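1. Just a sequence and a predicted model for now, questions to come.
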Amino acid sequence: MSLEQDVAAAREAVDALEQACGPVTRHFGDTIDARRLRVDVGRLRDDLNLLCGAHSRTPHEPFAAVYGDGDDDGLGGSGRTRR
């Protein structure tokens, strides 16, 4: 299966889980456990949304902009000498 098909299947599964959990949480009202279950299902949906863009992103390199290609230019940088 392609990535798009896998994501669509996962979204459908999260939708089905949400529908299945709805009646169960209604039996328990607004308890901490029922709220947690609703939040967990929402978190699954959010995590799936975050993960879907991961294939098109490049790995994060936090100091790439600071250090450039990683070469050390020495004491004063390129073209500078010590006096």
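-> Right, received. Where do you want to start?

2. Name the residues of stretch 7-18 that come out as buried.
-> For stretch 7-18, burial by neighbour count (16 or more other C-beta atoms under 10 Å) applies to Val7, Ala10, Val14, Glu18. For every residue, glycine as well, the C-beta is placed using N, CA and C.

3. With pLDDT added, can I get the residues you listed in a markdown table?
-> Formatted as a markdown table, the buried residues of stretch 7-18 follow (pLDDT from 0 to 100):
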| residue | pLDDT |
| --- | --- |
| Val7 | 90 |
| Ala10 | 93 |
| Val14 | 95 |
| Glu18 | 95 |
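
4. Pipe those residues into a markdown table and attach secondary structure per row.
-> A markdown table is the format used below for the buried residues of stretch 7-18 (DSSP: H, G, I helix; E, B strand; the rest coil):
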| residue | secondary structure |
| --- | --- |
| Val7 | helix |
| Ala10 | helix |
| Val14 | helix |
| Glu18 | helix |
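
5. Grab the two from these that are most spread out in space.
-> Spatial extent of the buried residues of stretch 7-18 (C-beta to C-beta) is set by the pair Val7 and Glu18 at 16.5 Å.

6. in the chain, which spans are helices?
-> Taking DSSP state H as the criterion, the chain contains helices spanning 3-28, 32-52, 64-67.

7. number of nearby residues for Val41?
-> Neighbours of Val41 under the rule other C-beta atoms under 10 Å: 19.

8. What separation do you get for it and Leu50?
-> Using C-beta to C-beta, to the nearest Å, Val41 is found at 15 Å from Leu50.
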